[in-house]
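1. Have a look; sequence and predicted model below, questions after that.
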Amino acid sequence: MLILALVKQNVLLTALIFIVAAVLSLGVALPAAGIRPYGEQAILEQIDHEDTALCGRLGLVIRTSQFADCMIMLADLRQRHVDLLTSYFRL
């Protein structure tokens, strides 16, 4: 009876270990394959849409160097915001 309980417990523990290993493997394999987490692509597309709209409202024509500079400056601004928020929450 005790042996049967130990075997059953080991089977459950082994199954749990395999499940955790599978989840961790997906967490490594998906980014390595270039697959973005759910929703991230939509967020990036929205940011691109907003940046394009803002640079257009400033009178910059798409496919010009000024428009490209505007997009680069907005990306830099967003990155500085991320850096600022990240450093704030590390405190």
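-> Good, I have the coordinates.

2. the domain parsing of the chain - what is it?
-> 1-35, 39-91 (automatic domain parsing).

3. hey, least reliable of the ones you listed by pLDDT?
-> In terms of mean pLDDT, the lowest-scoring of these is domain 1-35 (a mean of 61).

4. all helices for this structure, in order.
-> With helices called from DSSP state H, the chain shows them at 2-32, 40-57, 65-90.

5. Give the other helices and strands that the last one contacts.
-> Looking back up the chat, that one is helix 65-90. helix 40-57 (3 or more Cβ pairs under 8 Å, 6 or more residues apart in numbering; DSSP states H and E). For the C-beta atoms, the positions are set from N, CA and C on the backbone; glycine is no exception.

6. CA atoms of the helix it packs on as CSV?
-> Extracted C-alpha coordinates of helix 40-57, given in CSV (Å, rounded to 0.1, in the frame of the first residue of the first chain):
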residue,chain,number,x,y,z
GLU,A,40,2.6,42.6,-29.1
GLN,A,41,2.3,42.8,-32.9
ALA,A,42,-0.9,44.8,-32.6
ILE,A,43,0.7,47.2,-30.2
LEU,A,44,3.6,47.8,-32.5
GLU,A,45,1.3,48.4,-35.4
GLN,A,46,-0.7,50.9,-33.4
ILE,A,47,2.5,52.7,-32.4
ASP,A,48,3.6,52.9,-36.1
HIS,A,49,0.2,54.1,-37.1
GLU,A,50,0.3,56.9,-34.5
ASP,A,51,3.8,57.9,-35.3
THR,A,52,3.0,58.1,-39.0
ALA,A,53,-0.1,60.1,-38.3
LEU,A,54,1.7,62.6,-36.1
CYS,A,55,4.6,63.1,-38.6
GLY,A,56,2.0,63.6,-41.3
ARG,A,57,0.1,66.2,-39.2
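
7. okay, now Gly39: neighbour count?
-> 8 (other Cβ atoms under 10 Å).

8. Dihedrals phi and psi, it?
-> Taking degrees, to the nearest 10, you get phi 90, psi -20 for the backbone angles of Gly39.
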